[in-house]
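Student: Okay, structure incoming, though there's no sequence with it:
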């Protein structure tokens with residue numbers, strides 16, 4: 001491998017047994033699991049010191065699987081973004097050492113408060129329909145870390161993940177040493193992960209990188225790339241402890257992905273937010289288009305399992321587009337994605353083939369976003385984790401599901417506005433004439449999770465009655481209780497909604513074997 005490999009790129013309490021129908025492990029899997037000491041597997045202590053020999057020639061797929069998990073544990077051992085001052089110099093240094101893979105392909109960059117991952121996935125589908133090879137980087141993951149880095153619409157293979165990390169790790173260690181010499185924090189978890197994504201995309205290589213910011217925009221590690229098209233989904237309050245207490249402060253951070261001579265495609269925004277985005281675009285001589293002004297959803301017909309759309313783009317009108325995703329917010333994400341690809345492929349002046357748009361969206365997925373993972377009773381997973389997301393989810397649930405009893409399994413992280421989220425759940429579900437709602441408060445295994453008892457007290461403060469709330473310390477118990485209760489309803493009009501955080505949804509997805 002050359003010194004700059006990517007510069008020239010031509011080429012404690014024992015768990016209760018789960019009911020059989022909820023156990024994701026088959027008999028053979030269970031036997032294997034019994035032989036594994038989970039304390040050893042999940043502990044990160046000492047993993048950062050493990051040697052990482054080249055494994056490309058290994059024929060054992062399980063070696064690669066466990067290697068990916070050990071690499072992720074090593075990454076988790078680095079500083080989180082919350083312990084770092086805003087900076088891009090560290091990422092620029094890493095890119096210098098690696099041969100600048102952040103500029104190995106043109107970029108569509110996505111920021112906003114909600115809808116980033118879904119929009120990025122829809123952009124990916126459209127790019128693939130036009131015979132381009134995309135690399136998509138999103139975060140966080142639901143189940144496995146590979147989900148964050150996709151090539152050709154699929155999570156990067158374990159072997160590639162391991163091989164490229166083995167190749168770049170010595171260079172990142174040199175970057176760490178330089179940073180420490182300067183009195184700075186070594187590369188954080190997200191910075192190192194982002195460097196890995198850029199390296200994988202350069203190695204593939206891909207024709208276009210679709211990057212979702214991790215946090216904010218201006219100082220986000222992904223912002224070492226220069227976006228040809230900057231996409232901004234709706235901006236609202238979230239991560240206020242880091243991005244600012246007002247939507248205007250947050251908008252200024254997120255506007256940082258708009259680049260000189262680029263192209264801004266924005267969702268409909270609050271007037272003060274739109275003004276900030278518009279001003280930033282003008283300062284950078286970037287073209288700009290806003291939903292509700294130059295493009296948007298012209299018509300929408302909800303149906304079973306999705307909706308049919310008419311989207312007015314910049315250069316064309318796209319009718320009878322079947323989108324197998326639920327909710328008005330997903331229709332808006334689809335309009336954003338179409339417009340972003342119009343801007344990317346033809347500067348907004350060239351109409352896309354409606355047949356290609358239909359082909360792109362007909363098999364679109366967005367795991368964990370109003371995803372139905374079980375029927376009889378219906379179980380819905382939705383990763384809404386802030387007030388804006390919970391409100392959008394509630395509108396979609398009412399529109400898309402004909403249910404009376406709704407059992408809500410909810411777990412929320414400590415850095416989220418849990419009280420506002422619970423207030424919206426009380427207003428939209430418990431006080432709605434459409435639902436008989438019940439909360440099953442719980443916590444994921446994340447160390448950032450609000451303990452179930454504390455979350456229950458917040459629910460009472462938000463106005464839930466005591467007989468509307470059940471407390472379960474563990475997610476598996478809460479899920480079993482909610483599904484069992486819904487299954488016994490004679491009217492067959494009950495459903496379960498698992499929501500509140502991406503960690504809760506990811507763990508529930510594994511639990512339900514989806």
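Tutor: Nice, thanks for sending it over. Small disclaimer: the values here were computed from a predicted structure and weren't measured.
Student: least trustworthy helix or strand in the chain by mean pLDDT?
Tutor: Across the helices and strands of the chain, mean pLDDT, DSSP states H and E gives its lowest value to helix 38-42, namely a mean of 35.
Student: Phi, psi for the nearest residue to residue 403 once chain neighbours are set aside please.
Tutor: Using C-beta to C-beta, 6 or more residues apart in numbering and skipping residues adjacent in sequence, the residue nearest residue 403 is residue 495, 4.2 Å away. In short, each C-beta sits where N, CA and C put it, glycine included. In terms of degrees, to the nearest 10, the main-chain angles of residue 495 are phi -140, psi 160.
Student: And the helices in the stretch 151-300 of the chain?
Tutor: 158-181, 189-203, 240-243, 247-254, 271-283 (DSSP state H, counting those that start in this stretch).
Student: Among those helices, which comes closest to residue 413?
Tutor: helix 240-243 (12.2 Å; C-beta to C-beta).
Student: what mean pLDDT would you report for that closest one?
Tutor: The average pLDDT for helix 240-243 rounds to 62.
Student: cool, stretch 194-207 as well?
Tutor: For stretch 194-207, the mean confidence score works out to 98.
Student: From residue 390, how far out is residue 428?
Tutor: Residue 428 is 8 Å from residue 390, where distance means C-beta to C-beta, to the nearest Å.
Student: out of those two, which sits in the more crowded spot?
Tutor: More neighbours surround residue 390 than the other of residue 428 and residue 390, with 26 against 19 (other C-beta atoms under 10 Å).
Student: Could you list the buried residues of the one helix or strand the more buried one maps to?
Tutor: When elements are assigned from DSSP states H and E, residue 390 belongs to helix 387-400. Within helix 387-400, the residues scored as buried using 16 or more other C-beta atoms under 10 Å are 387, 388, 389, 390, 391, 392, 393, 394, 396, 397, 398, 400.
Student: which stretches of the stretch 201-350 of the chain form strands?
Tutor: For the stretch 201-350 of the chain, the strands defined by DSSP state E, counting those that start in this stretch occupy 208-212, 227-232, 263-266, 287-290, 296-303, 306-312, 317-323.
Student: mind putting those in a markdown table, distance to residue 443 and mean neighbour count included?
Tutor: As requested, the strands of the stretch 201-350 of the chain are exported to a markdown table (distance: least, C-beta to C-beta, whole Å; neighbours: other C-beta atoms under 10 Å):
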| stretch | distance to residue 443 | mean neighbour count |
| --- | --- | --- |
| strand 208-212 | 26 | 27 |
| strand 227-232 | 32 | 27 |
| strand 263-266 | 36 | 28 |
| strand 287-290 | 40 | 19 |
| strand 296-303 | 33 | 15 |
| strand 306-312 | 32 | 21 |
| strand 317-323 | 33 | 18 |
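Student: Now do the helix holding residue 390 against strand 306-312: the angle between them, please.
Tutor: Angle, helix 387-400 to strand 306-312, by axes from the mean of the first three to the mean of the last three C-alpha atoms, to 10 degrees: 110 degrees.
Student: what's the next secondary structure element after helix 387-400?
Tutor: Counting by DSSP H and E, the next helix or strand C-terminal to helix 387-400 is strand 405-410.
Student: so what strands line up beside that next one?
Tutor: strand 436-441 (parallel), strand 494-499 (parallel) (DSSP bridges).
Student: Mind listing residues that contact whatever helix or strand comes next after the last one?
Tutor: The reference is to strand 494-499. Next in sequence after strand 494-499, counting helices and strands by DSSP H and E, comes helix 502-511. Outside helix 502-511, the residues within contact range by C-beta atoms under 8 Å, 6 or more residues apart in numbering are 18, 22, 24, 140-143, 367-368, 371, 373, 381-383, 385, 409-411, 413, 442, 444-446, 448-449, 475-476, 479, 498-499.
Student: so what's the closest residue in space to residue 292 that isn't next to it in sequence up against?
Tutor: Nearest residue to residue 292 in three dimensions, chain neighbours excluded: residue 268, at 4.4 Å (C-beta to C-beta, 6+ apart). Listed by C-beta under 8 Å, 6+ apart, the contact set of residue 268 reads 234, 290, 291, 292, 296, 332.
Student: Farthest-apart pair in the residues you listed, please.
Tutor: Comparing the members of these, the greatest separation, given C-beta to C-beta, is between 234 and 296, at 12.9 Å.
Student: what sits in contact with each of the two?
Tutor: By C-beta under 8 Å, 6+ apart, the residues touching both residue 234 and residue 296 are 268, 332.
Student: Give me the pLDDT for the closest residue to residue 194 other than its chain neighbours.
Tutor: Closest residue in space to residue 194, ignoring its immediate chain neighbours: residue 221 at 4.1 Å, by C-beta to C-beta, 6+ apart. Listed pLDDT for residue 221 reads 96.
Student: what's the neighbour count on residue 420?
Tutor: So residue 420, with other C-beta under 10 Å, has 16 neighbours.
Student: Return the distance of the helix or strand hosting it from the chain's centre.
Tutor: Using DSSP H and E, the element containing residue 420 is helix 418-425. Distance of helix 418-425 from its chain centroid, counting by C-alpha atoms, centre = their mean, to the nearest Å, is 21 Å.
Student: Next, the angle strand 436-441 makes with that helix.
Tutor: Going by the same axes, to 10 degrees, helix 418-425 makes 160 degrees with strand 436-441.
Student: Can you give me the buried ones in helix 418-425?
Tutor: Buried residues in helix 418-425 (16+ other C-beta under 10 Å): 418, 420, 421, 422, 423, 424, 425.
Student: and what of stretch 135-150?
Tutor: Buried-residue list, stretch 135-150, by 16+ other C-beta under 10 Å: 135-139, 141-142, 144-150.
Student: repeat for stretch 215-229
Tutor: Per 16+ other C-beta under 10 Å, stretch 215-229 contains these buried residues: 215-229.
Student: can you redo the helices of the stretch 151-300 of the chain as JSON lines with mean neighbour count and distance to residue 314?
Tutor: Shown next, in JSON lines, are these (neighbours: other C-beta atoms under 10 Å; distance: least, C-beta to C-beta, whole Å):
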{"stretch": "helix 158-181", "mean neighbour count": "18", "distance to residue 314": "36"}
{"stretch": "helix 189-203", "mean neighbour count": "26", "distance to residue 314": "27"}
{"stretch": "helix 240-243", "mean neighbour count": "16", "distance to residue 314": "29"}
{"stretch": "helix 247-254", "mean neighbour count": "21", "distance to residue 314": "22"}
{"stretch": "helix 271-283", "mean neighbour count": "17", "distance to residue 314": "15"}
